[in-house]
Each structure stands twice: as structure tokens, then as C-alpha cells.
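> any chance you can model this:
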Amino acid sequence: MSLATAEQLAEHLKVMKDELGEQQTKEILERTEGIKKEHEDAMADKAKILDALDVEVVSLKEQIKALSDGERIDRTHTSGGGSEYDKEFMAPGDPLNGKGLNAARICRMLMQAKGNHRQAIENAEKAGDREMVEAFNKIISADNFSGAGSTIPEAFMADIIELLQATSIFRTAGPALVPMPNGNITIPKITAAMTATWQGETDLILASDPTTGDINLQARKLTSLTAISNDLIAQSPLTADQWVRNLMIRTMSNTEEIAFLRGDGTVSNPKGIRSTIAAANLFDRTQAGGFSTIAEIRQDLLTAMKNVVDANVETDRPTYFIRKGTFIDLMGKLDANSNTVFADMLMAGNLFGVPVVQTNNIPNNLGGGAETEVYFVEMAEAVVADTRRLVVDVFPGGAYSTGAGVVSGISQDSTVVRAINEVDFSLNHDVAASVIEMIDWELNA
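Residues are numbered from 1 along each chain as shown. This next block holds a predicted model:
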């Protein structure tokens with residue numbers, strides 16, 4: 001019975017009260033009130049049930065959203081990750097803790113899409129990788145892709161620059177790092193300092209101005225080319241990201257280091273230390289007999305240092321650059337009593353208190369075929385200018401040269417990746433470094 005019907009019946013019974021007996025009327029009214037209360041209780045219970053259902057629906061929606069977000073994060077982890085991945089989901093055993101994987105991820109996704117940016121966006125959308133969708137949209141909207149390749153977004157490039165500074169032997173030695181956003185920069189330098197004189201009470205004070213000059217740096221293309229297995233790209237995205245990143249960092253750091261040390265300064269190459277220094281600071285090793293003696297080796301190492309110090313160059317960050325084989329040769333040098341001469345210093349990472357950097361980017365096939373060099377450099381005088389731009393291009397099945405011949409990417413089932421960074425180098429003053437040539441300090445000599 002509805003509430004309206006019960007109320008109408010109650011009213012009707014009141015009207016009929018005189019026609020019915022008192023007791024019968026009372027019983028009917030009590031029964032009617034009971035029906036009314038049961039109906040009201042049922043409606044209250046229904047409202048409670050509806051409220052509970054609303055709460056449960058909200059809870060289910062939140063659970064669905066959480067599951068969806070969790071699945072997206074899991075897909076992002078599988079696909080190489082975004083910035084959250086870099087920080088929280090880096091691959092186990094990655095010594096670089098996920099840094100630089102965003103830039104590598106762009107390269108890998110371009111490879112998967114065979115260089116097609118629209119396809120790369122579609123793939124990123126399917127994977128739920130919103131960070132990559134945004135990155136590729138920025139690349140396209142900025143017209144940053146063409147035959148010249150795709151420019152890695154600046155936010156991602158920052159990690160690559162940081163890794164270069166951390167892993168490049170030359171950069172870790174402490175050169176001045178200068179941004180070059182417009183592709184060129186001019187840095188003033190002092191070529192002759194102001195002078196001061198003692199004056200008598202009535203003597204004229206003579207003016208003295210420093211002599212200045214300029215260092216002109218311009219963007220020079222540092223190009224690296226590598227081939228990556230298509231199986232690696234398809235089957236193990238995270239491993240591929242690390243592989244691409246490590247190749248980029250290693251190739252760029254080695255190539256730029258060679259140029260910074262020995263570049264000839266042609267149109268395409270930076271002018272390195274060896275090509276910049278004053279003629280007097282480039283000298284042959286001392287060797288009166290058939291091999292260099294301990295005294296001659298010590299004299300040459302100290303002469304390189306003295307050439308810089310005697311030129312009034314402040315030695316804030318002096319560094320020896322030595323080939324790894326030369327380092328070992330020096331470690332094994334013994335005096336007349338069979339005691340090691342340089343080993344203790346080298347084990348402590350220095351020679352005569354000056355830090356030593358080992359690098360195989362100094363050749364060991366110079367001169368007659370087995371000679372090398374040692375560099376003494378005041379690194380505070382060395383300047384590395386960087387546009388902080390990295391342009392990548394992808395060539396599915398492209399051919400590439402190994403130096404010994406041309407290899408077909410199609411026959412090797414590989415994708416060729418080209419990366420172009422723009423840097424330049426300068427030594428502020430030509431007396432800020434000294435180089436020893438014709439070194440053949442053999443281990444057993």
C-alpha cells in the first residue's frame with residue numbers, strides 16, 4: 001500500500017468513526033499507522049542503499065583510474081620510461097642511473113618508426129607514453145625535423161651534456177664550459193696585463209692599460225654514426241635505450257677529445273692544444289743514448305710544467321694527459337737500485353703533485369711508428385663552447401663505412417643512426433700548455 005493510500009484511509013476512518021465501534025476503529029488506525037511506519041522505514045533503507053551504492057561507484061572509478069595509471073606506468077617502464085622512469089625506474093645495474101635515456105628514447109622510437117615522426121607519435125600514444133607524444137609534437141611544431149634530422153628537446157639534451165661532462169676524460173679535467181646558443185661566441189682575453197710602478201712623492205703617475213684580444217668560437221659539427229641491430233630495437237626497448245645513449249656519449253666524448261688535443265683547426269675541425277701552443281712549448285723528448293733515462297724522463301716532464309709556469313700562467317687546474325700505455329711504462333720504471341720511480345705518484349693519481357689523466361686518444365703510432373706524446377695543460381685556460389643541441393637522423397637499412405669497407409644495413413638487418421652535436425674549442429693563451437713529442441719510454445728500457 002502506498003503512503004498516500006494509507007493517509008486517505010486514515011482520514012476516511014476518522015470520518016467513519018461514528019459509524020464504527022470505538023475499539024474496532026482504534027485497531028484499524030493502529031494497523032494503518034504500522035503500515036505507514038513500515039513504508040517510511042523501507043524508504044529510509046532504500047536511501048541508505050543508494051548512498052552506499054554511490055560511494056561504491058566512486059570507489060570503483062578510483063580503482064579503475066589507479067589501474068589504468070599503473071598500466072600506463074608499466075608500459076612506460078617497458079618502453080624505456082619518461083622522466084619519472086629516469087628517476088624511479090632506472091634499469092638495474094645502470095651506472096648512469098637512467099640519465100640520458102629520454103634522448104636515447106627519441107632515437108629508439110624514431111628507429112622503430114623508421115624515421116617517420118607521425119608514426120613515432122602514434123606508437124607513443126599506443127604505449128601510453130605521453131612524454132614522448134609531447135616531445136615529438138614539439139619537434140614537429142618547431143619544424144625541427146627535415147633532411148637535417150630531429151633536434152633533441154633542450155630539456156632532454158641537458159642530461160646528455162651532463163653525462164658528457166661526467167664521462168669525457170677531457171671535460172672532467174675542468175675546462176671552462178661556455179654555452180653557444182647562437183652558433184658562435186666571442187670571448188675577450190687579456191694578452192698583456194696592466195703594469196704597476198713605485199712612485200716618488202712628486203713623480204707623475206703613468207697610465208697603464210691592459211692589452212686585449214678576442215677568442216672567436218663557432219659551431220663545428222661533431223658527427224657520429226652507428227648501426228644498431230633491429231632485433232635489439234624491437235625486443236628489448238630498455239636495453240636499446242641504454243645502448244643508444246652509451247654509444248652517443250662514448251662516440252661524442254672520444255671524437256671531441258681527439259680534436260681538443262690534436263685538432264688541426266681546419267674549417268671543419270676545432271683547433272686543438274697541439275696546434276695552438278707556442279713553438280717553444282712543443283719539444284722532443286730528451287734521449288742522449290739508445291733510450292731515455294730516468295733522469296731524462298723526469299727532466300722532460302718537469303720542463304713541460306716549467307714552460308707554462310715560466311710564462312706567468314696561473315696554474316689553478318694543471319693536468320698531465322698521458323696515453324694509458326705510457327702510464328704503464330712510467331709505472332714500471334726502476335732506478336739503479338730496482339726501486340720504482342714514478343709508481344707511487346701515479347698510483348696516487350699525480351706526477352709531482354699534478355693530476356694525471358689517462359687517455360688513448362693520444363696516438364701511439366707517431367714519428368717512426370711507435371711514438372706518442374705527453375701534454376701538460378692549464379685547464380682553466382681551456383674553453384669548450386657547446387650549442388647544447390643534438391640532431392639525430394635515422395636511416396633504416398642504411399649503408400655505413402667501417403673504415404675497411406662499406407656495410408649494408410639491409411644485409412645486416414640494422415638501422416643506422418647519425419647524431420650531430422656542435423662544439424668548438426680554444427686555448428686562451430698559446431703558452432698555457434706544453435707538449436713532449438717523440439716519446440718512446442718503453443717499459444723494459
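> could you list the low-pLDDT ranges of the stretch 301-445 of the chain?
Residues of the stretch 301-445 of the chain meeting the criterion pLDDT under 70: 444-445.
> any idea which helix or strand carries Ile233?
Secondary structure from DSSP states H and E places Ile233 in helix 230-235.
> got any ranges where the stretch 51-200 of the chain has weak pLDDT?
Those would be 52-98, 139-151, 154-155, 165, 187-200, if you go by pLDDT under 70 across the stretch 51-200 of the chain.
> can you do 80?
For the stretch 51-200 of the chain, the stretches flagged by pLDDT under 80 are 51-108, 110-117, 127, 132-133, 135-167, 181, 183-200.
> secondary structure class for Ile227?
If you look again at residue 227, you'll see it is Ala, not Ile. strand (DSSP: H, G, I helix; E, B strand; the rest coil).
> neighbours of it, how many?
Residues contacting Ala227 under the criterion other C-beta atoms under 10 Å number 20. All C-beta atoms are positioned from the backbone trio N, CA, C, and that covers glycine.
> for it, list each beta-bridge partner.
Val416 (DSSP bridges).
> on that earlier part again, contact partners of the helix holding Ile233?
By C-beta atoms under 8 Å, 6 or more residues apart in numbering, the residues outside helix 230-235 that reach it are 108, 111-112, 239-240, 243, 413-415.
> which ones among these lie within strands?
Assigned to strands by DSSP state E, the following of the contacts of helix 230-235 qualify: 414-415.
> of the contacts of helix 230-235, keep whichever come out buried.
Taking 16 or more other C-beta atoms under 10 Å as the criterion, what is buried in these is 108, 111-112, 240, 243, 414-415.
> now those residues as CSV including distance to Val391?
Output for the buried ones among the contacts of helix 230-235, formatted as CSV (distance: C-beta to C-beta, whole Å):
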residue, distance to Val391
Arg108, 16
Met111, 15
Gln112, 19
Ala240, 20
Trp243, 20
Ser414, 21
Thr415, 17
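> so which of these belong to helices?
108, 111-112, 240, 243 (DSSP state H).
> what's the closest of these to Asp159?
For those, the minimum distance to Asp159 (C-beta to C-beta) is 15.2 Å, reached by Arg108.
> was I right to think the closest one contacts Val244?
Yes - applying C-beta atoms under 8 Å, one finds Arg108 in contact with Val244, separated by 5.8 Å.
> quick one on the thing from earlier: which of the contacts of helix 230-235 sits closest to Gly325?
Compare each of the contacts of helix 230-235 with Gly325 using C-beta to C-beta and the shortest gap goes to Trp243, at 28.6 Å.
> wait, isn't Asp413 in contact with Ser229?
Yes - assessed by C-beta under 8 Å, Asp413 is found in contact with Ser229 at 6.8 Å.
> and of the ones in helices among the buried ones among the contacts of helix 230-235, the nearest to Glu38?
Nearest to Glu38 out of these is Gln112 (C-beta to C-beta; 67.9 Å).
> before we move on, the earlier item: determine which two of the ones in helices among the buried ones among the contacts of helix 230-235 are furthest apart.
Gln112 and Trp243 (13.8 Å).
> find the residue closest to Arg298 in space, skipping its chain neighbours.
Here the nearest residue to Arg298 in space, its sequence neighbours aside, is Val341; by C-beta to C-beta, 6 or more residues apart in numbering that works out to 7.6 Å.
> and if you look at Asn137?
The spatially closest residue to Asn137, leaving aside those adjacent along the chain, is Ile121, at 6.8 Å (C-beta to C-beta, 6+ apart).
> go ahead and confirm the one you found touches Phe136.
Yes - applying C-beta under 8 Å, one finds Ile121 in contact with Phe136, separated by 4.7 Å.
> run through who's touching the helix or strand encompassing Glu296.
When elements are assigned from DSSP H and E, Glu296 belongs to helix 294-309. With C-beta under 8 Å, 6+ apart as the test, helix 294-309 has contacts from 280-281, 283, 285-288, 292, 315, 318, 320, 330, 333, 335, 341, 351-352, 354, 374-376, 378, 431-436, 441.
> buried subset of those residues?
With burial judged by 16+ other C-beta under 10 Å, the buried subset of the contacts of helix 294-309 is 281, 283, 285-287, 292, 315, 318, 320, 330, 333, 341, 351, 354, 374-376, 378, 431-436, 441.
> can you flag which of those belong to helices?
Assignment to helices by DSSP H places the following of these there: Leu330.
> let's have the contacts of helix 230-235 in CSV, adding distance to Ser426.
As requested, the contacts of helix 230-235 are exported to CSV (distance: C-beta to C-beta, whole Å):
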residue, distance to Ser426
Arg108, 35
Met111, 36
Gln112, 40
Thr239, 39
Ala240, 37
Trp243, 33
Asp413, 43
Ser414, 38
Thr415, 36
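> ok, back up a step: who's more crowded, Ile121 and Phe136?
When neighbours are counted by other C-beta under 10 Å, Phe136 comes out ahead of the other of Ile121 and Phe136, with 28 against 21.
> against Thr319, how distant is Met345?
14 Å (C-beta to C-beta, to the nearest Å).
> more neighbours: which of the two?
Thr319 (23 against 17).
> what sits against the more buried one?
With C-beta under 8 Å, 6+ apart as the criterion, the residues that contact Thr319 are 173-174, 354-357, 376-379.
> residue boundaries of the strands in the stretch 151-300 of the chain?
In the stretch 151-300 of the chain, strands defined by DSSP state E, counting those that start in this stretch lie at 176-179, 184-192, 211-218, 220-229, 282-284, listed in chain order.
> partner strands of the first one, with direction?
Strands that pair with strand 176-179, judged by DSSP bridges, come out as strand 382-396 (parallel).
> export the strand it pairs with as CSV, just CAs?
What follows is strand 382-396 as a C-alpha-only set of coordinates in CSV (Å, rounded to 0.1, in the frame of the first residue of the first chain):
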residue,chain,number,x,y,z
ALA,A,382,90.9,25.8,-22.0
VAL,A,383,87.5,26.7,-23.3
VAL,A,384,84.8,24.3,-24.6
ALA,A,385,81.9,26.0,-26.3
ASP,A,386,78.7,24.0,-26.9
THR,A,387,75.4,24.8,-28.7
ARG,A,388,73.7,22.2,-26.5
ARG,A,389,71.9,20.9,-29.5
LEU,A,390,71.8,17.3,-30.6
VAL,A,391,70.4,16.5,-34.0
VAL,A,392,69.6,12.8,-34.8
ASP,A,393,68.6,11.2,-38.0
VAL,A,394,67.6,7.6,-38.7
PHE,A,395,68.4,5.5,-41.8
PRO,A,396,66.6,2.1,-41.8
